[in-house]
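1. below: sequence and its predicted model.
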Amino acid sequence: WSSLREQAASLALALDVDSDHISVAGLRTIAERLGNLRGDAASDGFWDWMAESALTDLSVEPSPITRLQALVATFAQVTGPESLEPDLSIAGGMAYLSLLRVPGASRSW
């Protein structure tokens, strides 16, 4: 038990990826739009779309990453311990929680 509490045993996500293109306003918009997805038809279509390739170059088969995986990676990037912008981190967390609240989210995890 004590080893679980030690900092050396903790998990950390340190991505060396530029996040300057991600804004607080953009993340808040995502959270708001995800919050508006209610009802089976809308959410079913959303999850089908999120399961598609995140790559615009469809010559790569099979796709290495889905839109859902890319979005979750983006949220992790801005909310991780290396985030220097608290507002960005909070907005990323809000957007992630909004994603989890979309009907049908449980089948994607």
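-> Arrived safely, thanks for sending.
2. residues of the helix or strand encompassing Leu97 that come out buried?
-> Leu97 belongs to helix 86-101 when assigned by DSSP states H and E. Neighbour-count burial for helix 86-101, with 16 or more other Cβ atoms under 10 Å as criterion, is recorded at Leu88, Ser89, Ile90, Ala91, Gly92, Met94, Ala95, Tyr96, Ser98, Leu99. In this view, the C-beta of every residue, glycine as well, is placed from N, C-alpha and C.
3. can you list those in JSON lines and add distance to Leu34 and pLDDT?
-> Supplementary listing: those in JSON lines, determined by distance: Cβ to Cβ, whole Å; pLDDT from 0 to 100:
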{"residue": "Leu88", "distance to Leu34": "17", "pLDDT": "89"}
{"residue": "Ser89", "distance to Leu34": "18", "pLDDT": "89"}
{"residue": "Ile90", "distance to Leu34": "16", "pLDDT": "91"}
{"residue": "Ala91", "distance to Leu34": "12", "pLDDT": "94"}
{"residue": "Gly92", "distance to Leu34": "13", "pLDDT": "93"}
{"residue": "Met94", "distance to Leu34": "10", "pLDDT": "95"}
{"residue": "Ala95", "distance to Leu34": "7", "pLDDT": "95"}
{"residue": "Tyr96", "distance to Leu34": "9", "pLDDT": "95"}
{"residue": "Ser98", "distance to Leu34": "4", "pLDDT": "95"}
{"residue": "Leu99", "distance to Leu34": "5", "pLDDT": "94"}
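4. closest one of those residues to Pro64?
-> For Pro64, the nearest member of those is Leu99. The distance, counting by Cβ to Cβ, is 20.7 Å.
5. distance check, the closest one against Ser23.
-> Distance of Leu99 to Ser23, computed by Cβ to Cβ, to the nearest Å: 18 Å.
6. immediately after the helix-or-strand element of the chain with minimal mean pLDDT, which helix or strand?
-> One helix or strand of the chain scores below all others by mean pLDDT, DSSP states H and E: helix 2-5, with a mean of 54. Next in sequence after helix 2-5, counting helices and strands by DSSP H and E, comes helix 24-35.
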